[in-house]
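In: Need the 3D shape of this:
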Amino acid sequence: MHAPAVLWQPSRTLVITVVAVPLALAVLADDVRVRRQLHAARRDPLSGLPGRDDLTAYGDRLLRTGRRDRVFVLLMDGNGFKAVNDTYGHAAGDAVIAATGRRLAAWTTQRQALAARLGGDEFAVVDVLPTTATSDITALRDQLQQPLTHDGQILHLGMSVGIAHAPDLPGEDTNRLLRAADTAMYKIKTGTEVFPYLATRADAHADTVNGRRAGRPGTHLPAV
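Out: Numbering: from 1, shown residues only. Below you'll find the model as predicted:
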């Protein structure tokens, strides 16, 4: 009397399993698709790099690890970008941004690093670097300054790089390290300091105008 029940139960379980597996796979595939779409939506379409929010989130995660003493934040600002736009047109300026994005993405490959475009011709990198950090950062600057050919014209690129080393600024988060690197970059751009210059705590807490470092475009505008 019990034989039919024994034979029928495994069959019913098998049917349920066969139906459930494709449903689970479909849900998983849909979740991956949505995540990829969200990831792509956060990337700057011109440079192909993520933005500031992704950079600071990644940096803060690194700072919470035992590798804080090796965390560097770099802020890079193009030299002569406006001249490229004015001389060769905005398409040439876009080509410079795209090339810089590609070069930064290539440099961060195989590293514990993330590069981002902050806006205009301003970029940033958070990285875990060895004791040879200065030579590595110099090599990166040299790569970013390699000439670019666009529409038959050779565009000569310049880049000012500010450096903030996390151990020099104990207790500070990525946003504060970015401010320090930004101040360091501006000192290098204006000739106050010479590359490679590492930001100090005073740089991290430099006075701002409307929330922006004095000397930045837009600081003359009223706060909103």
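In: Do you have the strands of the chain handy? List them.
Out: 71-79, 113-119, 122-128, 148-150, 153-155, 158-165, 208-209, 212-213 (DSSP state E).
In: Arrange these in TSV, one row each, with mean neighbour count and distance to residue 137 as further columns.
Out: For the C-beta atoms, the positions are set from N, CA and C on the backbone; glycine is no exception. Shown next, in TSV, are the strands of the chain (neighbours: other CB atoms under 10 Å; distance: least, CB to CB, whole Å):
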stretch	mean neighbour count	distance to residue 137
strand 71-79	23	6
strand 113-119	21	11
strand 122-128	24	9
strand 148-150	15	21
strand 153-155	13	23
strand 158-165	22	6
strand 208-209	14	25
strand 212-213	16	21
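In: for this protein, what spans make up the helices?
Out: All helices of the chain, identified by DSSP state H, fall at 3-41, 52-63, 81-88, 90-108, 133-144, 174-189, 201-204.
In: And the last one, what does it pack against?
Out: Counting contacts by 3 or more CB pairs under 8 Å, 6 or more residues apart in numbering; DSSP states H and E, the secondary-structure elements packed against helix 201-204 are helix 174-189.
In: which residues sit against the helix it packs on?
Out: 52, 55-56, 58-60, 63, 71, 73-77, 79, 124, 126, 160-164, 166, 169, 172, 192-195, 197-201, 203-206, 213, 215-216 (CB atoms under 8 Å, 6 or more residues apart in numbering).
In: And for stretch 68-75?
Out: So stretch 68-75 is in contact with 59, 62-63, 118, 122-130, 133, 137, 140, 161-167, 174, 177-178, 180-182, 184-185, going by CB under 8 Å, 6+ apart.
In: just to revisit the earlier point, need the least confident one among the helices of the chain, by mean pLDDT.
Out: The weakest mean pLDDT among these belongs to helix 3-41, with a mean of 48.
In: Report the buried residues of stretch 180-197.
Out: Going by neighbour count (16 or more other CB atoms under 10 Å), the buried part of stretch 180-197 is 180-189, 193, 195-197.
In: Quick check: end-to-end length of that stretch?
Out: By CA to CA, to the nearest Å, the extent of stretch 180-197 from end to end equals 11 Å.
In: partners of residue 148 in the sheet?
Out: residue 155 (DSSP bridges).
In: quick one, what contacts it?
Out: Neighbours of residue 148 in contact, by CB under 8 Å, 6+ apart: 95-96, 99, 154-155, 157.
In: per-residue pLDDT, residue 194?
Out: Note on residue 194: pLDDT of 95.
In: Please report how far residue 183 lies from residue 110.
Out: 30 Å (CB to CB, to the nearest Å).
In: what's the domain layout of this structure?
Out: 1-41, 52-213 (automatic domain parsing).
In: Of those domains, flag the one that's most buried.
Out: Of all those, domain 52-213 carries the top mean neighbour count, a mean of 17, counting by mean count of other CB atoms under 10 Å.
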